[in-house]
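Colleague: Requesting a structural model of the entry that follows:
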Amino acid sequence: MPDLLFEVGVEELPAGEAAGALEAFSRLAAEKLGLARLSFAELVVLGTPRRLVLTVRGLATRQPDLVERLSGPPVTGGEKAKAGFARKHGVEPEALVEEDGRLVLHKKTAGAPARDILPGLLRDLCAAVPWRKAMRWADVADRFGRPVSWLVALLDSEVLALEFGGVRAGQNTRGHRFLAPAPIPVGSIDDYRRALETAHVIVDPPARRERVRQELSRAAGDAGLRVRADEALLDEVTWLVEEPVAIPGEFPEAYLGIPEPVIVSAMRNHQRYFALERADGRLANGFVAIAGTRVRDPAIVRRGFERVLCARLQDARFFLDADLKVPLARRTEQLRDVVFQKQVGTVYEKVERVTALCIQLGLRGWCDPDLVKRSARIYKADLVTHMVGEFPELQGVMGREYALREGEPQEVADAVRDSYLPRSAKDDLPATSSGAVLSIADRLDTLVGCFAAGLAPTGAADLYALRRAAIGLVRILLDRGWRVPLGELVGLAAARYAGRCDAAVPAVCEFVIGRFRGVVADQAAGDVIEAVLAAGGDDLCDLMARLRALEDLRRQADFLPLAVAFKRVANILKGEAKNGDPEPSLFREEAERALWTRALQVRGVDPPGGEERSYPSRLRELATLKPAVDRFFDDVLVMDEDERVRKNRLALLASINRLFMAVADFRQIAT
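Modeller: Have a look, this model is predicted:
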């Protein structure tokens, strides 16, 4: 069973795409080998900024023979149909057999050797790797994330006849760009790993990430400090170097007077430096940079790193001093000249709408209306500051800093920062009530305005991050437990547009419910989620309460019989709308009376729509209906010849149906 080594050597890959490309490389390779009927023992992918590598151990030497059963025309079709079917598949009519009254061909295709299949398969694999922007270069027709510089394609020690990106595959890899630039011959997978280790390349991403961590710890420990945790930066730097080397540095302590987020941002986002902190968590005037090569004199590199950072910090100090000369209230007025979106209006108009909405939400008791109003009036003011112009990732962060320096209450300043949270599906949620309300109002305004302007996301295009806005809205409402119909909430935001956005309300609600599905996907089975949503309602917290109760019930042994009983009730109604209660005087059977009596008892116990604890008790009560439902179907003919009796029995079942539908539509649940 041979081993396969396939390496695509390139110019440096974008650090933000490399990990995703490697994951796709692995997934696509497994899929294509499976479709090609080539079994294997182990598939491992490796990679650095300059290469994507596929290693397959125990690969089948050839495909197994394929036998297909092809069903043809009926035997009664005659000789003409038989001859046509045989001709279509390139066989003689005598090759056909009769099975169950039809002509059948058992077509055997001999398996091909792996060496003949792999060149085309690997070429297709390269072409299938997804990139945000795939490149073409020179006169090469193939596209890839970066220009291809070399290819290695070995089946054991045999070079496969493969060409991609204008490069023909060989058996020479390349080591570190500067420390080992000469071609390196490779004889096998094991030779490959050993050769690259000698050539200053750590080809395994987890091992390289751990080496970065070790280098950081060593450099920080030598300075008596510790690295401030930043897993995202660690991931990025792992894909910037092939052999990491830590270079510690420092900057004048005078710059520590600049707000910490600015210093960290200047190091992290602009230079990819890791911030250092003291044992008590305070920021230190030091950093660690990760270089991609070893140098004769690290002190020279260190001075270069320090000089670049000091220039940025000097700019930041100038921006800070200049920004503090203009109060936030005056900067809010400057937002009249900043366009949010040409059809939606200026940022100042957005602030006006969001402020009005925040006051309304505050009056619901969600937060202090006065504090949230003060926060809303200034929450976008930092967009026109020098600091945010240079460091856009500090939106909200600098607004909080400037608000505190102007003497605003702590909650007002924190709400300005919180208005941007969460920035992603895993980001922190607003810490303050005012910040949560402000974040909700901002997202609602954006969703309503953009949907009304025809800017709803399509496919991967989401220029105004509306999916992220909706996910954040869902997460905040669920976290805070604020009970309000989504349609009412979206309607309040639409009202701020003076009727221009009313038509967008249903689409926005549907969009947010779609994001709700995603947020709760890891907390309940898909059919349970659909069952709850199919029962109606748009109070997200109420939906969540029903979801949890139903998911808990589903784990119990008596759930399946209950679901089956409900489906019997729902199916016999066949969508007939029955809103009224049955007339007891028309009951003829004891089973009817018993079911109606039990239904009235269940209806009177802990009605849904209140606190979350009502749903578990309601479901327990619904479970007690099953014996009466079973007896009803055993003893009663629903479709009685007497129209009045028939309609009365359907009304009885409809009343039972409404009890279940107040929680979930059990028809959506797989049984």
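Colleague: the strands in the stretch 451-600 of the chain, which residues?
Modeller: Under the criterion DSSP state E, counting those that start in this stretch, the stretch 451-600 of the chain carries no strands.
Colleague: my bad, should have said the stretch 151-300 of the chain
Modeller: Ranges of strands in the stretch 151-300 of the chain, per DSSP E, counting those that start in this stretch, are 158-159, 163-164, 167-168, 172-174, 183-185, 226-227, 245-250, 274-277, 283-291.
Colleague: Generate a markdown table for the ones you listed, with mean pLDDT as supplementary columns.
Modeller: Written out in a markdown table, the entries for the strands of the stretch 151-300 of the chain read as follows (pLDDT from 0 to 100):
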| stretch | mean pLDDT |
| --- | --- |
| strand 158-159 | 94 |
| strand 163-164 | 96 |
| strand 167-168 | 96 |
| strand 172-174 | 96 |
| strand 183-185 | 95 |
| strand 226-227 | 96 |
| strand 245-250 | 96 |
| strand 274-277 | 97 |
| strand 283-291 | 97 |
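Colleague: With mean neighbour count and distance to Arg649 as extra columns, can I get the ones you listed in JSON lines?
Modeller: No exception for glycine: its C-beta is placed from N, CA and C like everyone else's. As requested, the strands of the stretch 151-300 of the chain are arranged in JSON lines below (neighbours: other C-beta atoms under 10 Å; distance: least, C-beta to C-beta, whole Å):
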{"stretch": "strand 158-159", "mean neighbour count": "13", "distance to Arg649": "77"}
{"stretch": "strand 163-164", "mean neighbour count": "18", "distance to Arg649": "71"}
{"stretch": "strand 167-168", "mean neighbour count": "15", "distance to Arg649": "77"}
{"stretch": "strand 172-174", "mean neighbour count": "20", "distance to Arg649": "78"}
{"stretch": "strand 183-185", "mean neighbour count": "14", "distance to Arg649": "83"}
{"stretch": "strand 226-227", "mean neighbour count": "18", "distance to Arg649": "73"}
{"stretch": "strand 245-250", "mean neighbour count": "21", "distance to Arg649": "80"}
{"stretch": "strand 274-277", "mean neighbour count": "23", "distance to Arg649": "73"}
{"stretch": "strand 283-291", "mean neighbour count": "22", "distance to Arg649": "75"}
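Colleague: Okay, domains of the chain per the record?
Modeller: As given by automatic domain parsing, the domain ranges for the chain are 4-62+114-198, 75-107, 205-315, 329-519, 552-668.
Colleague: Go through those and name the closest to Gly526.
Modeller: The closest of the domains of the chain to Gly526 is domain 329-519. By C-beta to C-beta, the value is 8.4 Å.
Colleague: Next, the distance between the ends of the closest one.
Modeller: Using C-alpha to C-alpha, to the nearest Å, the end-to-end distance of domain 329-519 comes out at 37 Å.
Colleague: So for stretch 473-482, mean pLDDT?
Modeller: Average pLDDT, stretch 473-482: 96.
Colleague: Name the nearest residue to the most centrally placed residue in the chain, ignoring sequence neighbours.
Modeller: Taking C-alpha atoms, centre = their mean, the centroid of the chain lies closest to Ala425, which sits 7.1 Å from it. The spatially closest residue to Ala425, leaving aside those adjacent along the chain, is Ile471, at 5.6 Å (C-beta to C-beta, 6 or more residues apart in numbering).
Colleague: Contacts only, for Leu313.
Modeller: 251, 255, 258, 263, 266 (C-beta atoms under 8 Å, 6 or more residues apart in numbering).
Colleague: tell me the contacts of the third one?
Modeller: Applying C-beta under 8 Å, 6+ apart, one finds that Ile258 lies in contact with 313, 316-317, 320.
Colleague: ditto for the fourth one
Modeller: Ile263 sits next to 255-256, 275, 283, 313, 316 when contact means C-beta under 8 Å, 6+ apart.
Colleague: could I get these as CSV with distance to Ser419?
Modeller: Written out in CSV, the entries for the contacts of Ile263 read as follows (distance: C-beta to C-beta, whole Å):
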residue, distance to Ser419
Tyr255, 28
Leu256, 27
Ala275, 25
Leu283, 25
Leu313, 27
Ala316, 23
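Colleague: which one among these gets closest to Glu163?
Modeller: Comparing those against Glu163 with C-beta to C-beta places Ala275 closest, at 46.5 Å.
Colleague: circling back: of the strands of the stretch 151-300 of the chain, which is nearest Leu553?
Modeller: For those, the distance to Leu553 is smallest for strand 226-227, at 47.6 Å, taking C-beta to C-beta.
Colleague: is it true that Arg27 lies in a strand?
Modeller: No. With DSSP: H, G, I helix; E, B strand; the rest coil as the criterion, Arg27 is located in helix rather than a strand.
Colleague: Closest one of the contacts of Ile263 to Glu406?
Modeller: Relative to Glu406, and with distances defined as C-beta to C-beta, the nearest of the contacts of Ile263 is Ala316, at 19.1 Å.
Colleague: Would you mark the buried spots in the helix or strand that that closest one is a member of?
Modeller: Element membership of Ala316 [criterion: DSSP states H and E] is helix 298-323. Applying a neighbour-count criterion of 16 or more other C-beta atoms under 10 Å, one finds 301-302, 305-306, 308-310, 312-313, 316, 319-320, 323 buried in helix 298-323.
Colleague: which phi and psi does the residue nearest to the centre of the chain have?
Modeller: Reported as degrees, to the nearest 10, the phi and psi values for Ala425 are phi -70, psi -20.
Colleague: residue contacts, it?
Modeller: Contacts for Ala425 were tallied using C-beta under 8 Å, 6+ apart; they are 468, 471, 475, 519.
Colleague: Assess the claim that Lys350 and Val344 are in contact.
Modeller: Yes. Shown here, Lys350 and Val344 form a contact pair, counting by C-beta atoms under 8 Å, at 7.3 Å.
Colleague: Now list whatever residues contact both of those two.
Modeller: Gly449.
Colleague: List the contacts of Leu125.
Modeller: Residues near Leu125 by C-beta under 8 Å, 6+ apart: 6, 25, 28-29, 32, 54.
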